[in-house]
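> heads up, no residue letters with this:
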């Protein structure tokens, strides 16, 4: 609750729901609020009392009276939660004493008298507290007040049947899917032989009427797809505490991958990495793309941590462990290669650098720039023995005329690098 803490409302402490008592307790007095009369549109008085029903639960009782037009109204609302199950009361009214039993009917409850084929549907009346006797007279009053003249004779016959119920001998059924209605048991805590109570599971339609959203079954994978998970790590640059965000992403026409990004608030270092969300494939994958246009730089690319990169025209090869897994574009991958080989190379600056090495790496960086500008005719090769790398096919689902994908059987050395040679997948019981 937003205004009153729940433990103060329903706890053992100072509960605002007081039991009804004859004592003149100041804390148990109704709250009076001046409010608008909906009959004459002048000000009247509303009295609200928060109380408990013995052997039941908390309710809010309110009454309104207007001193100007004498109009009055009473209402009762459940202050409890919607219960886990619906409830149905069936009362056999056999005597005048049964007519004085108190009934709390919630808005969502259906009232039926099977002998007369009579029913009060849910949400047609406000929640109220009444006896069997007052229920009959209230029904008679309502029928008289809103009786169409064309049905006057039939309704008069029905009213006579209602009046005959005062002597008893009928069945009252209160069916409330919210579980917040109540029929008094005058013999409590002993069993009431005339009253039967049954609980039932609500239907989806009843849940919808009560405003309860149906919970669709989900699993952990569905939760991971819809949210970003965060866990604490240390910054790889300054070793300060940092947070890593992780999300499961589905790549179209490929498979699921796990994207992880770390951001350090202390030094500002940022890093991201992509790991395959699936198993190692049975065959390795070799993807070869012939760059024919600068638009190829915008192709999406997934490079797993086991993928090697080759540019045959530059006699360049980058091993699987040199760059971590990445989900980027082809241009982004080439920029990372340039930064790794040229900008962040420790042998291009300081006392350890030589003019020949610096010039050679500078020339390599210029060639990478020409490739990104679409000025060089080269091939990009992604060789992944685990089969978990991907390069976007812009013609999908049709074949790409400039891209070839080959499946091959891994060598013993490649299986060794992946740790597959030492894995035992059969005969665990031996």
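Received it, and whenever you're ready, just let me know what you need. Predicted model only: the values in this text are computed from it and were never measured.

> for residue 134, helix, strand, or coil?
Following DSSP: H, G, I helix; E, B strand; the rest coil, we place residue 134 in the helix state.

> can you list the domains in this protein?
Here the domain parsing of the chain from automatic domain parsing is 6-78, 86-209, 222-276, 284-417.

> can I get those in JSON lines including distance to residue 423, mean pLDDT and mean neighbour count?
For every residue, glycine as well, the C-beta is placed using N, CA and C. Putting the domains of the chain into JSON lines (distance: least, CB to CB, whole Å; pLDDT from 0 to 100; neighbours: other CB atoms under 10 Å) gives the following:
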{"stretch": "domain 6-78", "distance to residue 423": "54", "mean pLDDT": "75", "mean neighbour count": "14"}
{"stretch": "domain 86-209", "distance to residue 423": "48", "mean pLDDT": "83", "mean neighbour count": "16"}
{"stretch": "domain 222-276", "distance to residue 423": "17", "mean pLDDT": "81", "mean neighbour count": "14"}
{"stretch": "domain 284-417", "distance to residue 423": "9", "mean pLDDT": "87", "mean neighbour count": "16"}
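
> how about residue 297, phi and psi?
phi -70, psi -20 (degrees, to the nearest 10).

> check residue 416 too.
phi -70, psi -40.

> state the distance from it to residue 283.
17 Å (CB to CB, to the nearest Å).

> again with residue 154
82 Å.

> again with residue 294
In terms of CB to CB, residue 294 sits 33 Å off from residue 283.

> can you give me the strands for the stretch 51-200 of the chain?
Secondary structure of the stretch 51-200 of the chain by DSSP state E, counting those that start in this stretch: the strands cover 58-65, 72-78, 86-93, 102-105, 110-113, 118-120, 128-131, 170-176, 182-183, 195-200.

> closest to residue 378 out of those?
Smallest distance to residue 378 across the strands of the stretch 51-200 of the chain (CB to CB): 70.8 Å, for strand 86-93.

> partners of that closest one, with directions?
Paired neighbours of strand 86-93 in the sheet (DSSP bridges): strand 170-176 (antiparallel), strand 195-200 (antiparallel).

> centre of the chain to the first one, how far?
Distance of strand 170-176 from its chain centroid, counting by CA atoms, centre = their mean, to the nearest Å, is 37 Å.

> contacts for that strand next, please.
Strand 170-176 is contacted from outside by 86-93, 103, 105-106, 108-116, 132, 135, 181, 183, using CB atoms under 8 Å, 6 or more residues apart in numbering.

> ok and it relative to strand 72-78, angle-wise?
Counting by axes from the mean of the first three to the mean of the last three CA atoms, to 10 degrees, strand 170-176 lies at 60 degrees to strand 72-78.

> any chance of the strands paired with strand 86-93 in CSV, with distance to residue 68 too?
Below are the strands paired with strand 86-93 laid out as CSV (distance: least, CB to CB, whole Å):
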stretch, distance to residue 68
strand 170-176, 36
strand 195-200, 43
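
> mind checking these for the one nearest to residue 410?
strand 195-200 (60.1 Å).

> right, and the helix or strand after that closest one?
Counting by DSSP states H and E, the next helix or strand C-terminal to strand 195-200 is helix 204-209.

> what does that following helix contact?
When contacts are defined by CB under 8 Å, 6+ apart, helix 204-209 is touched by residues 86, 108, 122-123, 177, 213-214.

> longest helix of the chain?
helix 355-372 (DSSP state H).

> mind checking what helix or strand follows that one in sequence?
strand 379-384.

> please, where are all the helices along the stretch 101-250 of the chain?
For the stretch 101-250 of the chain, the helices defined by DSSP state H, counting those that start in this stretch occupy 132-145, 152-164, 204-209, 220-226.

> who's in contact with residue 130?
102-103, 105, 138.

> closest to residue 360 among the residues you listed?
residue 105 (89.8 Å).

> wait, that closest one sits on residue 111?
Yes - applying CB atoms under 8 Å, one finds residue 105 in contact with residue 111, separated by 6.4 Å.

> what residues are bridge-paired with residue 272?
When bridges are called by DSSP bridges, residue 272 pairs up with residue 261.

> let me fix that, I meant to ask about residue 326.
Applying DSSP bridges, one finds that residue 326 bridges with residue 303.

> quick check: end-to-end length of stretch 34-51?
For stretch 34-51, the first-to-last residue distance is 21 Å (CA to CA, to the nearest Å).

> just stretch 323-343 next, same as before
Termini of stretch 323-343 sit 15 Å apart (CA to CA).

> do the same with stretch 120-127
12 Å.

> before we move on, what about stretch 114-122?
16 Å.

> show me the contact partners of that stretch.
107-113, 139, 158, 161-162, 165, 170-171, 173, 177, 209.

> same thing with stretch 100-107?
53, 56, 59, 76-78, 91, 111, 122-123, 125-133, 135, 172, 174, 176, 178, 180-184, 186.

> equivalent analysis for stretch 328-342, please.
289, 296-301, 303, 309, 318, 322-323, 326, 348, 361-362, 364-365, 368-369, 371-372, 380, 391.
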